[in-house]
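Student: Have a look at this prediction, sequence included:
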Amino acid sequence: MLLFDFFRRHPLPEPPAAPHRETGAEPASRPLREDALARAVGKKAAALFSHRKLLCAEAILVAVNESFGAPLTEDQAVGLGAGLTAGLGDRGCLCGGVAGACLAVGAVCARGDHAGSRAAVRREAAAIHEAFVRKHKSACCRVLTKPVKDDGKAHAAQCALLTGYGAELAARSILRLRPELLDCPEAATAREGRLCGRLKWLLSFWCR
């Protein structure tokens with residue numbers, strides 16, 4: 001009786017109301033997750049350039065390929081990027097950071113038999129070029145490297161930075177064209193089972 005009287009005088013607090021969520025609303029954290037993934041891909045490419053001695057376009061192809069489900073083998077990724085490095089075969093023309101980024105977007109997003117997907121990749125390639133020039137004032141390897149051409153250490157540091165930025169731009173383009181890859185990057189390949197691919201992706205963060 002005493003307990004009943006106590007609880008009558010001191011009722012339990014009402015549980016907090018669940019936050020209202022509009023149907024179909026995009027999770028507020030998505031832009032942050034996209035940004036984090038893009039930056040991680042950029043850092044991975046820069047590290048591949050600095051520590052594994054892959055050149056600009058090669059490092060971007062490998063980093064993007066590994067981060068979005070590996071539609072290519074690593075040998076294929078390196079081989080595709082090889083001729084684009086150092087301004088198209090050491091000619092100092094288009095920066096490999098731009099060329100490699102555009103090629104990486106096509107590798108993940110374009111379907112050769114689908115004109116719409118190829119047109120979308122072209123639009124993203126234009127956006128990558130514009131963003132790169134806006135930030136670095138040029139997309140020409142010769143122009144970009146002129147201030148550091150006589151300083152090997154500074155040259156390598158700058159190219160690592162440009163490589164990372166190119167990979168980051170590629171990742172952002174891929175997420176615009178294939179937003180589902182933010183939650184399931186392994187979806188870029190049909191060769192792996194869904195669970196197997198997810199485990200491989202998670203383990204890649206521990207085994208870098």
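Tutor: Arrived safely, thanks for sending.
Student: okay, and for this structure, where does confidence drop off?
Tutor: Along the chain, the parts satisfying pLDDT under 70 run over 1-28, 184-208.
Student: What ranges does it have for its helices?
Tutor: Per DSSP state H, the chain carries helices over the ranges 2-9, 30-51, 56-67, 74-82, 85-88, 96-109, 115-136, 141-145, 152-177, 194-206.
Student: just so I know, which of the ones you listed lies nearest Asp183?
Tutor: Closest to Asp183 of these, according to Cβ to Cβ: helix 30-51, at 8.6 Å. Glycine gets a C-beta too; all of them are placed from N, C-alpha and C.
Student: CA-only coordinates of the closest one, as PDB, when you get a sec.
Tutor: Written as PDB, here are the backbone C-alpha positions of helix 30-51 (Å, rounded to 0.1, in the frame of the first residue of the first chain):
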ATOM      1  CA  ARG A  30      25.200  11.400 -45.700                       C
ATOM      2  CA  PRO A  31      27.200  14.400 -46.900                       C
ATOM      3  CA  LEU A  32      29.600  13.800 -44.000                       C
ATOM      4  CA  ARG A  33      30.000  10.200 -45.000                       C
ATOM      5  CA  GLU A  34      30.500  11.000 -48.600                       C
ATOM      6  CA  ASP A  35      33.200  13.600 -47.700                       C
ATOM      7  CA  ALA A  36      34.900  11.100 -45.400                       C
ATOM      8  CA  LEU A  37      35.000   8.400 -48.000                       C
ATOM      9  CA  ALA A  38      36.200  10.800 -50.700                       C
ATOM     10  CA  ARG A  39      39.000  12.000 -48.500                       C
ATOM     11  CA  ALA A  40      40.000   8.500 -47.500                       C
ATOM     12  CA  VAL A  41      40.300   7.500 -51.200                       C
ATOM     13  CA  GLY A  42      42.400  10.600 -51.800                       C
ATOM     14  CA  LYS A  43      44.700   9.800 -48.900                       C
ATOM     15  CA  LYS A  44      45.000   6.200 -50.100                       C
ATOM     16  CA  ALA A  45      46.100   7.400 -53.600                       C
ATOM     17  CA  ALA A  46      48.600   9.900 -52.200                       C
ATOM     18  CA  ALA A  47      50.100   7.100 -50.000                       C
ATOM     19  CA  LEU A  48      50.300   4.800 -53.000                       C
ATOM     20  CA  PHE A  49      52.200   7.500 -54.900                       C
ATOM     21  CA  SER A  50      54.600   8.200 -52.000                       C
ATOM     22  CA  HIS A  51      55.200   4.800 -50.600                       C
END
